[in-house]
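Asker: The sequence isn't on hand, but the structure is:
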């Protein structure tokens, strides 16, 4: 099947399929005489694996590790479990961060009159000069530690 058909069969866009090839998550497919990519059933299966892993929030690096383990029939399930549980920790940390952000915004919204006056505690808080919060590199971009 060509890239469009593979994209339709897997729910992975053609652009992302090319990206996954570029970063080595999937092998470069064979080419037709006209130069078009030709995907095999095993390529489609791998793309579905990647799609499901991305749906669960795994990083490209983690997916690479998981794919290596998937292809290694002698793997230890403990290795797979360790990756999944580490990812759970990161997701739970993100959830705590989001909950803290929501709590802070709700508090600010409660203190805002929400009328025609220009004074607004939300804007005042955003405009205050604060030290940048410490970042937890495991959380990814946009998830800073709130104080």
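Answerer: Arrived safely. Owing to the predicted nature of the structure, the values given are computational and were not obtained by experimental measurement. Numbering: from 1, shown residues only.
Asker: CA only for contacts and neighbour counts going forward, please
Answerer: Noted.
Asker: can you tell me the helix or strand for the residue nearest to the spatial centre of the chain?
Answerer: A centroid search over the chain (Cα atoms, centre = their mean) returns residue 57, at 4.3 Å, as the residue closest to the centre. For residue 57, there is no enclosing helix or strand under DSSP states H and E.
Asker: Likewise for the one 5 residues further on?
Answerer: Under the criterion DSSP H and E, the helix or strand holding residue 62 is helix 60-71.
Asker: in the next helix or strand after that helix, what counts as buried?
Answerer: Later in the chain than helix 60-71, the nearest helix or strand by DSSP H and E is helix 77-111. Neighbour counts using 16 or more other Cα atoms under 10 Å place 84, 87, 90, 91, 93, 94, 97, 101, 108 of helix 77-111 among the buried residues.
Asker: Now find how far off-centre helix 77-111 is within its chain.
Answerer: 13 Å (Cα atoms, centre = their mean, to the nearest Å).
Asker: From the contact counts, what lies against the helix or strand that it is followed by?
Answerer: Remark: after helix 77-111, the chain's next helix or strand is helix 121-127, criterion DSSP H and E. Counting contacts by 3 or more Cα pairs under 8 Å, 6 or more residues apart in numbering; DSSP states H and E, helix 121-127 packs against helix 77-111.
Asker: Give me the angle between the helix it packs on and helix 60-71.
Answerer: Angle, helix 77-111 to helix 60-71, by axes from the mean of the first three to the mean of the last three Cα atoms, to 10 degrees: 150 degrees.
Asker: so what does helix 77-111 touch, helix or strand wise?
Answerer: In terms of contacts (3+ Cα pairs under 8 Å, 6+ apart), helix 77-111 is packed against helix 60-71, helix 121-127.
Asker: Mean neighbour count, those: which tops it?
Answerer: A comparison of the helices and strands packed on helix 77-111 by mean neighbour count, using mean count of other Cα atoms under 10 Å, puts helix 60-71 on top with a mean of 16.
Asker: Pull the residues that contact it.
Answerer: Identification of contacts with helix 60-71 by Cα atoms under 8 Å, 6 or more residues apart in numbering yields 25, 50, 53, 54, 75, 79, 80, 83.
Asker: Off-centre distance for it?
Answerer: 15 Å.
Asker: Between the two ends of stretch 31-48, what distance do you get?
Answerer: End-to-end distance of stretch 31-48: 21 Å, with Cα to Cα, to the nearest Å as the criterion.
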